[in-house]
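Student: Build the 3D model from these lines:
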Amino acid sequence: EFEDAIDDCDNSCIACNDDPVHAWDEGVAFYTGSLAADPPNAAGGKLIWALAEKRCRDYKTCGPNGDSDQTEEVEETATAEAIPATTAKVNNDLLFEFAKGRDALQAGKCADVEPITRKVVSLMTIPLIQGTMRYARYMSIGDMDSDSQAEGAVFAASVLPMVHACSAEDAKIIDDHTKLGQDRGTPPGFKATKPAQFTEVKAAFERNYACLGITCADVG
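Tutor: Model (predicted):
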């Protein structure tokens, strides 16, 4: 949707960019979802916004400075869990970029929107990397059931194309240690005989942070 907004943007007519702004708003909606501000939903929604809110608690990247894991307990329900009392820094940063992109489109400043979109893409990779490393760590200690293994593989698949564009070698390292079909152990203990190497996955990501447009501090 963000790329569509760029394609439709008209430099020559400030009052003619309603359609690009609408496309931009749709992109924001696809990132955030309709449940993100719904308090009874302990996860804060179902899409990447909610993922960032969950992972900021694990990586201490909540709050405007990205240095907090401050959480609050939601009302006890069958699905209740602690959620950040302050928004994840990456979501705060994205809200700023979303507003900048909208305003540039409305003003017909089409050339300004492409670097904003590149920044948005970089920021969106942060919760995907956090999710991948979280489950790579679980794999590394051999404490993985099949559902968790699947989560690790899917998180990795979501970000591997971006890593591959930076380094095919490092993308392969991450894939090798997170893909399904490897010996991760058997019930009841799920203690793997060939556990994933979390340190290798972490290092492979870190070597590409500059290329991805993010920092170690962003990931936490």
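Student: Could you report the neighbour count for the closest residue to T32 other than its chain neighbours?
Tutor: The shortest distance from T32 to any non-neighbouring residue, by C-beta to C-beta, 6 or more residues apart in numbering, is to W49 (4.5 Å). Placement of C-beta: from N, CA and C, glycine included. W49: 24 surrounding residues under other C-beta atoms under 10 Å.
Student: Need the single longest helix in the chain, by residues.
Tutor: helix 110-140 (DSSP state H).
Student: For it, which helices and strands make contact with it?
Tutor: helix 2-8, helix 48-59, helix 89-106, helix 146-166, helix 168-178, helix 198-206, helix 216-219 (3 or more C-beta pairs under 8 Å, 6 or more residues apart in numbering; DSSP states H and E).
Student: Can you mark which positions in it are buried?
Tutor: Neighbour counts using 16 or more other C-beta atoms under 10 Å place 110, 113, 116-117, 119-120, 122-140 of helix 110-140 among the buried residues.
Student: V28 is nearest to which of the helices and strands packed on helix 110-140?
Tutor: helix 89-106 (5.0 Å; C-beta to C-beta).
Student: neighbouring contacts of the closest one?
Tutor: With contact meaning C-beta atoms under 8 Å, 6 or more residues apart in numbering, helix 89-106 is reached by 2, 5, 9, 14, 17, 20-21, 24-25, 28, 31, 49, 52-53, 56, 61-66, 110, 112-113, 116-117, 119-120, 123-124, 126-127, 218.
Student: what about L180, how many residues close to it?
Tutor: 11.
Student: which regions of this protein sit below the pLDDT cut-off?
Tutor: For the chain, residues meeting the criterion pLDDT under 70 lie at 37-43, 69-85, 143-144, 181-196.
Student: could you redo the last one with a cut-off of 90?
Tutor: For the chain, residues meeting the criterion pLDDT under 90 lie at 11-16, 34-46, 63-87, 135-152, 177-198.
Student: Return the distance of K46 relative to F205.
Tutor: Here K46 is placed at a distance of 25 Å from F205 (C-beta to C-beta, to the nearest Å).
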